[in-house]
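S.K.: Sequence first, predicted model second:
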Amino acid sequence: MILAFIRSNKGENKVMIYEAHRLKRLPPYLFTIVDNKRKEVMAKGADVIDLSMGSPDQPAPKHAIEELCKQARIDGNQRYSRQDGEVEKKLRQAIAEWYMDRFGVSLDPDSEIVPLIGSKEGIAHLSLAFLNNDDIALVPNPAYPVHFNGVIMAGGILHNMPITPENNYMPGFDKLSGDLIKRAKLLFISYPHNPTTQVATLGYFQEIADWARNKDIIVGHDCAYSDIVFDGYKAPSFLQAKGAKEVGIEFHTISKSYNMAGWRLGFCVGNKDILKALAKTKSYIDFGIFRAIQHAAIKTLLGPQDIVKKTVATYKRRRDLFVDGLNEMGWKIEKPKATFYLWTHIPAKYSALTSMEFTNLLLEEAGVAVAPGTGFGEYGEGFIRFALVEREERLKMALGRLKNILELET
Ligand SMILES: Cc1ncc(COP(=O)(O)O)c(C=O)c1O
């Protein structure tokens, strides 16, 4: 795509500027397409119930907001963040305490923790830190898009591992050829999983840690939804598996557990050599996190954790209401054990439509915005994802509208 025409002073010469090839290799960002469509529908005066993006709608902890305001007024906090600064050290210690409390895994704050400007940033930079042009990254598909887009932007070779209901949304390793494994340098996994909501056992993580160790493959586990769990399920950490720290790292975020998505703070923990390369990559690109946000994150991680329980209870009520409502209208779906998403097949009556076409139908006819399964990769075809990030009254309204337009058999 030509981005700009620049005219010379005389107005004669045209300079054509093109996007870099690496951007052309990226798949279209379907969420932007859905979002533009949503705006179009809204501009016509329609009320859209937005269940498309995983952007939490519940409030951030009050004590975090108060700390942010207080710290934002302090002069020293306006300067660039430094790895050896006081608040930076305190944040890494707070992360180590949080991690020990959640998972019982001990981390060295100085070498086994790297704070991030959101986990998305770290996931993208992991590929940049390790992939050469002929290195392969193994990425389950469907996935949170930065898992594969980060690989493409880094210039690596993407190898999709289909995850479907047939394999329980767990990538199979026995089908990978010896040559592929030899050239593979990175494996991304993520449980509880976005978009499929699948959860994993520690036993599964152990299998992956054992498999990767013999093959010199880095495992990057994206654990963004570790706190959003229901019905007594507890999400394990990859680092709880024996030997996992030798091969892997794990990404966490305050975005989902504490409703602080816009604050941009996540962290990566685990193998110190992998983290060193990640930190080195970042040091050429960013200057870390605003110090006032780091102070607020410390309060968040070490302060009262009842906000997490409250947040999860709200998502559970929404999940129950929405899944029951879908089942009642004839759209059969089970209750997920984790995340605030519902991942579901397009109803059989509409199976002639692609997930993008079905998404458009829901938006245009019902004023309900959802994410098309193919936004998460080709193996998401035939599915859509609801993000339960609207209040119960709005969810009930969405159910009513869906029932009216879909007219499914009950
Ligand atoms: C699986 C997964 N990982 C990472 C992220 C990004 O989180 P952050 O806000 O920390 O960048 C998301 C956001 O939706 C996600 O679903």
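M.R.: Cool, the structure landed. The model shown is predicted, which means the values in this text are computed figures rather than measured ones.
S.K.: Which helix or which strand is home to Cys268?
M.R.: Using DSSP states H and E, Cys268 maps to strand 266-270.
S.K.: Quickly list the domain ranges of this protein.
M.R.: Following automatic domain parsing, the chain resolves into domains at 22-59+307-406, 62-302.
S.K.: does the first one come close to the ligand?
M.R.: Read it as domain 22-59+307-406. Yes: residues of domain 22-59+307-406 contacting the ligand under CB under 6 Å from any ligand atom: Gly54. C-betas here are computed from N, CA, C, even on glycine.
S.K.: what's the span of that domain from first residue to last?
M.R.: Between the start and the finish of domain 22-59+307-406 there is a gap of 40 Å, counting by CA to CA, to the nearest Å.
S.K.: try stretch 330-344
M.R.: With CA to CA as the measure, what separates the two termini of stretch 330-344 is 13 Å.
S.K.: So what's the gap between stretch 386-398 and the chain middle?
M.R.: Centroid separation for stretch 386-398 versus its chain: 21 Å, with CA atoms, centre = their mean, to the nearest Å.
S.K.: same thing with stretch 337-352?
M.R.: Stretch 337-352 sits 19 Å away from the centroid of its parent chain (CA atoms, centre = their mean).
S.K.: what about this protein, any weak spots by pLDDT?
M.R.: With pLDDT under 70 as the threshold, the chain has low-confidence stretches at 1-14.
S.K.: Specify the local secondary structure of the residue nearest to the spatial centre of it.
M.R.: Within the chain, one residue has its C-alpha closest to the average C-alpha position: by CA atoms, centre = their mean, that is Tyr144, at 5.1 Å. For Tyr144, the reduced secondary structure class is coil; criterion used: DSSP: H, G, I helix; E, B strand; the rest coil.
S.K.: Where does the stretch 301-410 of the chain get nearest to the ligand, which residue?
M.R.: When you check the stretch 301-410 of the chain against the ligand by CB to the nearest ligand atom, the closest residue turns out to be Thr339, at 8.0 Å.
S.K.: That residue and Lys316, how far apart?
M.R.: The span separating Thr339 from Lys316 equals 12 Å under the rule CB to CB, to the nearest Å.
S.K.: who has more neighbours, those two?
M.R.: Of the pair Thr339 and Lys316, Thr339 is the one with more neighbours under other CB atoms under 10 Å, namely 29 against 17.
S.K.: right, and that one touches His193 too?
M.R.: Yes: with contact taken as CB atoms under 8 Å, Thr339 and His193 are classed as touching, separated by 7.4 Å.
S.K.: Identify the contacts common to those two.
M.R.: Tyr225 (CB atoms under 8 Å, 6 or more residues apart in numbering).
S.K.: And the helices in the stretch 251-400 of the chain?
M.R.: Taking DSSP state H, counting those that start in this stretch, the helices of the stretch 251-400 of the chain run over residues 254-257, 272-283, 291-302, 306-328, 355-361, 392-406.
S.K.: neighbouring contacts of the last one?
M.R.: In other words, helix 392-406. When contacts are taken as CB under 8 Å, 6+ apart, the neighbours of helix 392-406 outside the stretch itself are 49, 51, 317-318, 321-322, 325-326, 329, 331, 347, 349-350, 361-362, 365-368, 388, 390.
S.K.: Please indicate which of those residues are buried?
M.R.: Those of the contacts of helix 392-406 that meet the buried threshold are 49, 51, 318, 322, 325-326, 329, 331, 347, 361-362, 366-368, 388, 390, by 16 or more other CB atoms under 10 Å.
S.K.: and these, which two are the farthest apart?
M.R.: Considering CB to CB, no two members of those lie farther apart than Arg318 and Leu361, which are separated by 23.0 Å.
S.K.: can you list the residues of the stretch 201-350 of the chain near the ligand?
M.R.: Counting by CB under 6 Å from any ligand atom, the residues of the stretch 201-350 of the chain that sit close to the ligand are Asp222, Ala224, Thr253, Ser255, Ala261, Gly266.
S.K.: quick one: what helix or strand has the second one in it?
M.R.: Here Ala224 is covered by no helix or strand, with elements defined by DSSP H and E.
S.K.: Can you tell me, leaving aside adjacent residues, what's nearest to it?
M.R.: Closest residue in space to Ala224, ignoring its immediate chain neighbours: Thr253 at 5.1 Å, by CB to CB, 6 or more residues apart in numbering.
S.K.: What distance do you get for the one you found to Arg183?
M.R.: On the measure of CB to CB, Thr253 and Arg183 end up 30 Å apart.
S.K.: more crowded one of these two?
M.R.: Set side by side, Thr253 and Arg183 give different neighbour counts by other CB under 10 Å, the larger being at Thr253 (25 against 13).
S.K.: The more buried one reaches Glu121, doesn't it?
M.R.: No: with contact taken as CB under 8 Å, Thr253 and Glu121 are classed as non-touching, separated by 10.2 Å.
S.K.: Common neighbours of these two, please.
M.R.: The overlap between the contact sets of Thr253 and Glu121 (CB under 8 Å, 6+ apart) consists of Gly266.
S.K.: about what we covered before: phi, psi of the residue nearest to the centre of the chain?
M.R.: Backbone torsions of Tyr144, given as degrees, to the nearest 10, read phi -60, psi 120.
S.K.: Return the residues in contact with it.
M.R.: Ile123, Ser190, Asn194, Pro195, Asp222, Ala224, Phe376.
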